[in-house]
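Novice: this is a predicted model, with the sequence first.
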Amino acid sequence: MSTLIRSTEAAEILGISKPTLYAYVSRGRLGRTTAADGRTSLFALEEVERLSAKRRRALPGPRPTIDVQIRSDVTTMHETHLEFRGIDVTELIGRHHFEDIAELLWTAELASGSSWPPAATDDLDAIARLATIDATPIGRLAIAAHVLDAVHTDDPPTAARRLLLVTPALLGSRRRTGGYAHRLAAAWRARPSSELVTAVDTALALLADHELATSTLAVRVAASTRTTPYAAFASGLASIEGTLHGSASAMTHRFLDRCAAHGPAAAIAELRSSRQRVPGFGHQVYRGIDPRFAPLMNAVRSLDPEAVTLVDSLIGEVGRTLPHLPNVDLALGALTWAAGLDADTPLFAVARIAGWAAHYGEELDEAPLRFRGVTRPR
């Protein structure tokens, strides 16, 4: 004769709620008996335990988890400022160019007037055919990394410098000498103004690293498998091309187009009506304004003061209606917009190659394959 139990006990054994218990009854998965009072539901203990065992077998096992402590001396993010190798980034801008800051990230030593040589002729020949392939600028950069990987065995800084040196030519520049920002700006303007060169240099310097961003983590994961620096950079470029990572400034650029056409107030109202956030505002770490915003915006102001008036109006309108403060994506979007460059100009991706090399080098000091998920018992 079966032992009968009440609904509360049956639900507890099965690990489900009472409504789910009665759903089991209605679907024929579990039998029910009515007590002598005509109201109380009773269940056969043996049948409940059999169903419970069946449910346990059907439940998925424990999921793999990753618990990795990542220590880095490359960049430190604070609530109000950002440091590269312990030096406030805003102190570096204006006194040092991108080349100096890249070398600082790689060597932990700050020098002035770092001079990079022209790209090697063999390297330029190797990537020449990539300039016209049907791919995004970031996609071409990733392919170039693999092409260079096939002919060079380099340490992380050398690999980063080599990839950076061919990048202007890959993007269309004919300039091979001079400051790096000048070489790169010549990809978009045959004779770039000094104001554009300064703005590009400032953007590259400020965006060279930002602690453990998603693309940087991708580079470190690749490095943990002991892939080459070039292949790791390609991993970072693949991540940075995601719409939720490296395209924020492009979204801001296109939003400025809407602001110019309809006015900031109307453009903001349109976004809010569809429950979209205003691009270029807010940050998860910085409580105040993103410390990179002001230095880059100051450089942008000299490009086209009239265009920047629209940016100021946008900032004022957002300040009236929303609690968010501007971030570096607004300044970078304003740079490409005010300079008349394409919204997808890959300044962000080019800059970040410098930081990736530093993180790759750090990862080599860690145990390999440490990012592999481990299934832990419950």
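Specialist: Yep, it's here.
Novice: so residue 35 makes contact with residue 5?
Specialist: No: between residue 35 and residue 5 there is no contact under Cβ atoms under 8 Å: 11.2 Å. Quick note: C-beta positions are derived from backbone N, CA and C, even for glycine.
Novice: could you list the low-confidence segments of the stretch 1-150 of the chain?
Specialist: Along the stretch 1-150 of the chain, the model assigns pLDDT under 70 to residues 1-2, 58-63.
Novice: what ranges does the stretch 151-300 of the chain have for its helices?
Specialist: In the stretch 151-300 of the chain, the segments counted as helices under DSSP state H, counting those that start in this stretch are 156-170, 180-185, 194-206, 214-224, 229-240, 248-262, 264-273, 293-301.
Novice: ok, residue 373 - contacts?
Specialist: Residues in contact with residue 373, defined by Cβ atoms under 8 Å, 6 or more residues apart in numbering, are 64-66.
Novice: can you do 6 Å?
Specialist: Contact analysis of residue 373 by Cβ atoms under 6 Å, 6 or more residues apart in numbering lists 64, 66.
Novice: from residue 175, how far out is it?
Specialist: Using Cβ to Cβ, to the nearest Å, residue 373 is found at 46 Å from residue 175.
Novice: what do you get for residue 25?
Specialist: 78 Å.
Novice: neighbour count winner among those two?
Specialist: Applying other Cβ atoms under 10 Å to residue 25 and residue 175 shows that residue 175 carries more neighbours, namely 18 against 15.
Novice: of the helices of the stretch 151-300 of the chain, which approaches residue 10 most closely?
Specialist: Nearest of these to residue 10, taken as Cβ to Cβ: helix 214-224 at 46.6 Å.
Novice: so for the residue positioned nearest the centre of the chain, what's the pLDDT?
Specialist: With distances taken as Cα atoms, centre = their mean, the residue of the chain nearest its centroid is residue 245 (3.6 Å). Per-residue pLDDT puts residue 245 at 83.
Novice: for it, which non-adjacent residue is closest in space?
Specialist: Closest residue to residue 245 apart from its sequence neighbours, by Cβ to Cβ, 6 or more residues apart in numbering: residue 214 at 5.3 Å.
Novice: more crowded one of residue 35 and residue 5?
Specialist: Neighbours were tallied for residue 35 and for residue 5 using other Cβ under 10 Å; the higher tally belongs to residue 5 (18 against 11).
Novice: residue 45 is in contact with that one, correct?
Specialist: Yes: the pair residue 5 / residue 45 is scored as a contact, 5.2 Å apart, by Cβ atoms under 6 Å.
Novice: returning to that earlier point: now the helices of the stretch 151-300 of the chain in JSON lines, with mean neighbour count?
Specialist: Listed next are the helices of the stretch 151-300 of the chain as JSON lines, based on neighbours: other Cβ atoms under 10 Å:
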{"stretch": "helix 156-170", "mean neighbour count": "23"}
{"stretch": "helix 180-185", "mean neighbour count": "25"}
{"stretch": "helix 194-206", "mean neighbour count": "24"}
{"stretch": "helix 214-224", "mean neighbour count": "23"}
{"stretch": "helix 229-240", "mean neighbour count": "25"}
{"stretch": "helix 248-262", "mean neighbour count": "19"}
{"stretch": "helix 264-273", "mean neighbour count": "15"}
{"stretch": "helix 293-301", "mean neighbour count": "21"}
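Novice: so what's the residue count around residue 119?
Specialist: 22.
Novice: mind showing which ranges of the stretch 201-350 of the chain have poor pLDDT?
Specialist: Checking the stretch 201-350 of the chain against pLDDT under 70 turns up nothing.
Novice: make sure residue 42 is indeed in a strand.
Specialist: Yes: with DSSP: H, G, I helix; E, B strand; the rest coil as the criterion, residue 42 is located in a strand.
Novice: who's in contact with it?
Specialist: With contacts defined as Cβ under 6 Å, 6+ apart, residue 42 is in contact with 4, 33, 35.
Novice: so what's the last one closest to, chain neighbours aside?
Specialist: In other words, residue 35. In space, and not counting its chain neighbours, residue 35 is closest to residue 42: 5.5 Å by Cβ to Cβ, 6+ apart.
Novice: for the one you found, give the beta-bridge partners.
Specialist: residue 6, residue 33 (DSSP bridges).
Novice: pull up the gap between it and residue 5, please.
Specialist: From residue 42 over to residue 5 the distance is 7 Å, taken as Cβ to Cβ.
Novice: break the protein down into its domains, please.
Specialist: 4-59, 75-247+344-363, 248-338 (automatic domain parsing).
Novice: kind regards, and thank you for your time.
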